[in-house]
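1. model the following, please.
(chains A and B)
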Amino acid sequence: MSRLAHLLAISDLEREDVERILERAASFAEVGRRDIKKVPTLRGRTVVNLFYEASTRTSSSFELAAKRLSADVVTVKATGSSVEKGESLRDTVTTLSAYGPEAIVIRAPSAGAAGLITRWTDAAVVNAGDGRHAHPSQALLDAYALRQRLGDLEGRSIWIVGDILHSRVARSTTLAFRMLGAHVTLCGPPTLVPRDAEAALGCEVSYELSGIEGADVVYALRLQRERMREALIPSIREYVARYQINERRLSPRQLLMHPGPVNRGIELSPGVVDGPNSLIAFQVESGLVVRMAILYELLAGRERPQGATPREGEGAGLAPIGEPA
Amino acid sequence: MRAISSLDHRAAPAPDLVLREARVLDPRAGIEGVHDVVVRGGAIAELAAPGAAAGDGAEVVDAAGKRVFPAFFDPHVHLRTPGREDEEDVETGTRAAAAGGYCGILAMANTEPPVDAPEALDSLRERARLAASVPVGFLACVTRGMRGEELSDHAELRDAGAVGLSDDGLPVASARILRLALRYERLAGLQIALHEEDPELSAGGAMHEGRISAALGVPGIPSVAEATMIARDCALAAYEEARIHVQHLSARESVAAIAAAKEAGVRVTCEVTPHHLTLTDEAVEGLDAAFKMNPPLRSAEDRQALVEALRSGLIDCVATDHAPHSQDEKELPFEEAAMGVTGLETAFAVLHTELVLPGTLDLGVLVERMSAGAAAFGFELPSLAPGSEANLVLFDPEAEWEAGAEGWESRSANCCFAGRRLRGRVLMTVAAGAVAYRQRSFAMGVAA
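-> Below is the predicted model of the structure:
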């Protein structure tokens, strides 16, 4: 079984990699239904969460995923870019690498940060979002959540609606959904859809919601009020009128997704957020098991760094997944 | 027209040289053939029949199978002095130029602080007379402090020895200020070199806006950010009957804007870099900051348009935009890393390898374009015609080497061609009559 060294972008993955991670996530979901939700799989391993941007769900989800696998976790929150912070990204990564972590999960405001730090650490690097570039764990959890509900994505129509231009989620999920056989349509105001999006991401582009009734899944993105100040959209009112997903526009047979956090009343009407079609809470739940599967994929069977000796009883092998700690 | 040797450089003896049986090519002078090139007293003394030149105590170099061209002239170099001597200085930058076959370079004024006062020029010129391996001219800022708000003292700067004006690194964003500078050209008489970029259109951008930036989610710099400014500035130059030099063209829309201006009789010259002639934004897909520069690498269609325009002469010359940066400015996530790449040491070898050998560009055309930038700033073009000042390069067209494998003469290593296998290498550079560079592995000539 081939294993990934890092998880940087969906574009680095083969379909079989995605399938393997999603299957593993399903097996971890079973663990989550037990009384004791913890397995010893990564006992003695260290995971560093390095977050240069505010994040609630991604950061907590990776932290809990590592803990459920019995890894030691340290979360380092830093603000601003590596330049603004004073210490260089390289120095920070070198410092944290001295703890001998097996994985570094990084969230950074600039594209390429996750790929760059692989030069400076022996740890497996997980990209938890780099600028507008990629957010592969989000894409995998979205694919997992949809698969759980739909069984198969082959031939399904998925509309991603909102601020495509600034969205790493849109980029990564589009690639993941397409890899699993879905057709993706990106929809948003022309000023929030990048030029050449069709060619870049292999999808359709629509500037209006007409046609969305044919979608199996509607995936709404967060609209930041900032975009109005930047004159990228004329007003929130016009955006809501044209692009808000509400009860009128969402049919009962369609599933609704959103990466969170939701601006209730802007991209989604309050009613649909909590409505029967909403997968939003299930996405969060899926995030935990998918991130467990990602850490398992990268760390299980990986050589320990020099100096770290296996504890008694662990040997070189891995404890079976199903065995409670 | 001024001699290149009138630019500041370190005084060096002018040895007598015989380059025996070299394949000599100087399309401008109509010279093509195998000759013994005789250099005496700092000048091309004679192009003798192969094997016919007497040694007469000169150093005799076996140049059989090697080529001799007029040396190159780069109108666009960043020497980072004053202020960032950790990245480059006059000595290392001119050594890099000599290693690339250049007999003259022009240094930009976007230093720290910018060169906007006669005193700054005095000190730079003094430094060049002590340390420059090849003649170097210094440009001064168009606007005071490069702030784009008021003109620097153009006439005083000219009297202090500035060879041109540029706010390169930044555009002259205000049409009004540029118009005033062009009008003032009637007094100051200095060529104005323009970095063309509409800062509103390019704001926040880190790479070419197109399919690849859309896929990567890296903010884009649209081609029109350059082309609209070129069109604006050509219109201003026409109105003021002034001349301008447009720096580092990157987009096909810019080529079209230049074509329209030249067709209309505007006095505009322009340049293109080796990286824009040989690379595209596909190089950025790995988000490696080694390929980050401004203007950015653009699409394959843009690259083709630039090559075609260089060949036709619509683009006048090659310029490197040699832009040294320290490792810590480049070892950053792509969006945060500094823009710019070094290029003096690889320019000709890269273009020889990527354009001449595949048959895309004629060798003679490339040789001509490598030095044509001198004329745009009022300097005599290097020539191999007997009687000319000796500015020549000895080139081994067969040598294969890996860029950067033996280190760099430049103090910085941010060359986007580092690690590439190149075909053809500069063996020796003669600038202003003196030997400015010898490639280390190249056997010395023997005194005869």
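
2. neighbours of B:D159, how many?
-> If you count neighbours by other Cβ atoms under 10 Å in any protein chain shown, B:D159 ends up with 12. Yep, even glycine has a C-beta here, placed from its N, CA and C like the rest.

3. quick check: it vs B:A193, distance?
-> As for B:D159, its distance to B:A193 is 19 Å (criterion: Cβ to Cβ, to the nearest Å).

4. pLDDT score for whichever residue of the stretch 1-150 of chain B sits closest to chain A?
-> Chain A sits closest to B:D86 of the stretch 1-150 of chain B, with a gap of 15.7 Å, by Cβ to the nearest Cβ. pLDDT, B:D86: 97.

5. so who does it touch?
-> Listed by Cβ atoms under 8 Å, 6 or more residues apart in numbering or on different chains, the contact partners of B:D86 are B:S326, B:R411.

6. does it lie in a helix or a strand, and which?
-> If you go by DSSP states H and E, B:D86 is not part of any helix or strand.

7. A:R20: which element?
-> Element membership for A:R20, per DSSP H and E: helix A:15-31.

8. can you tell me what sits against that helix?
-> Under Cβ under 8 Å, 6+ apart, the answer for helix A:15-31 is A:1-2, A:4, A:10, A:37, A:39, A:68, A:140, A:143-144, A:147-148, A:176, A:179-180, A:286, A:289-290, A:292-294, A:296-297, A:321-322.

9. swap the cut-off to 6 Å and go again
-> Outside of helix A:15-31, the residues within contact range by Cβ atoms under 6 Å, 6 or more residues apart in numbering or on different chains are A:V39, A:L140, A:Y144, A:M179, A:V289, A:V290, A:M292, A:A293, A:Y296, A:E297.

10. which two of these have the greatest separation?
-> The span of those, defined through Cβ to Cβ, is set by A:V39 and A:M179 at 28.4 Å.

11. which residues does A:I245 contact?
-> A:I245 makes contact with A:V218, A:A220, A:L268, A:V272 under the criterion Cβ under 6 Å, 6+ apart.

12. need the residues you listed in TSV (columns: distance to B:A376 and neighbour count).
-> Formatted as TSV, the contacts of A:I245 follow (distance: Cβ to Cβ, whole Å; neighbours: other Cβ atoms under 10 Å in any protein chain shown):
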residue	distance to B:A376	neighbour count
A:V218	58	27
A:A220	55	26
A:L268	59	27
A:V272	63	25
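
13. out of those residues, which one sits closest to B:A58?
-> A:A220 (79.9 Å).

14. and that closest one, how far from B:A140?
-> In terms of Cβ to Cβ, A:A220 sits 55 Å off from B:A140.

15. also B:I4?
-> For B:I4, the distance to B:A140 equals 19 Å [Cβ to Cβ].

16. pick out whichever of these two has more residues nearby.
-> Higher neighbour count among B:I4 and B:A140: B:A140, with 30 against 24, using other Cβ under 10 Å.

17. phi, psi of the more buried one?
-> Here is the backbone geometry of B:A140 (degrees, to the nearest 10): phi -120, psi 170.

18. give the buried residues for the helix holding A:R20.
-> A:D17, A:V18, A:R20, A:I21, A:L22, A:R24, A:A25, A:F28, A:A29, A:V31 (16 or more other Cβ atoms under 10 Å in any protein chain shown).

19. now the residues you listed as TSV including pLDDT?
-> Output for the buried residues of helix A:15-31, formatted as TSV (pLDDT from 0 to 100):
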residue	pLDDT
A:D17	97
A:V18	97
A:R20	96
A:I21	97
A:L22	97
A:R24	96
A:A25	97
A:F28	95
A:A29	94
A:V31	86
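
20. which of the residues you listed lies closest to chain B?
-> Closest to chain B out of those is A:V18 (18.2 Å), distances taken as Cβ to the nearest Cβ.

21. so which bits of chain B are right by chain A?
-> With Cβ under 6 Å from any Cβ of the partner chain as the criterion, chain B comes near chain A at residues B:210-211, B:214-218, B:287, B:331, B:333-336.

22. in PyMOL, how would I select the buried members of these?
-> Selecting only the buried entries of these in PyMOL, with 16+ other Cβ under 10 Å as the criterion:
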select buried, chain B and resi 210+211+214+215+216+217+218+287+331+333+334+335+336
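
23. among the residues of chain B next to chain A, which pair sits farthest apart?
-> Maximum pairwise distance among these (Cβ to Cβ): 27.4 Å, between B:R211 and B:E331.

24. what about B:L394, which SS state?
-> With DSSP: H, G, I helix; E, B strand; the rest coil as the basis, B:L394 sits in strand.

25. surely it and B:M428 touch.
-> Yes - using Cβ atoms under 6 Å, B:L394 is in contact with B:M428, at 4.1 Å.

26. anything in contact with each of those two?
-> By Cβ under 6 Å, 6+ apart, no residue touches both B:L394 and B:M428.

27. nearest to A:R156 among the contacts of helix A:15-31?
-> A:R156 lies nearest to A:M179 out of the contacts of helix A:15-31, by Cβ to Cβ, at 12.7 Å.

28. so who does the closest one touch?
-> Residues counted as contacts of A:M179 (Cβ under 6 Å, 6+ apart) are A:R15.

29. in the sheet, who's paired with the closest residue to B:E149 other than its chain neighbours?
-> In space, and not counting its chain neighbours, B:E149 is closest to B:T143: 6.3 Å by Cβ to Cβ, 6 or more residues apart in numbering or on different chains. On the basis of DSSP bridges, B:T143 is bridged to B:L151.

30. quick check on whichever residue of the stretch 251-400 of chain B sits closest to chain A: phi, psi?
-> The nearest approach of the stretch 251-400 of chain B to chain A comes at B:L287, 3.3 Å away (Cβ to the nearest Cβ). The phi and psi torsions at B:L287 (degrees, to the nearest 10) take the values phi 60, psi 40.

31. next up, identify which helix or strand A:A241 is on.
-> Judged by DSSP H and E, A:A241 forms part of helix A:236-243.

32. what's that helix in contact with?
-> Contacts to helix A:236-243, defined as Cβ under 6 Å, 6+ apart, come from residues A:V161, A:M228, A:I233.

33. will you turn these into TSV that also has distance to chain B?
-> TSV is the format used below for those (distance: Cβ to the nearest Cβ, whole Å):
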residue	distance to chain B
A:V161	17
A:M228	17
A:I233	17
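
34. which of the contacts of helix A:15-31 sits closest to B:K66?
-> A:M179 (54.3 Å).
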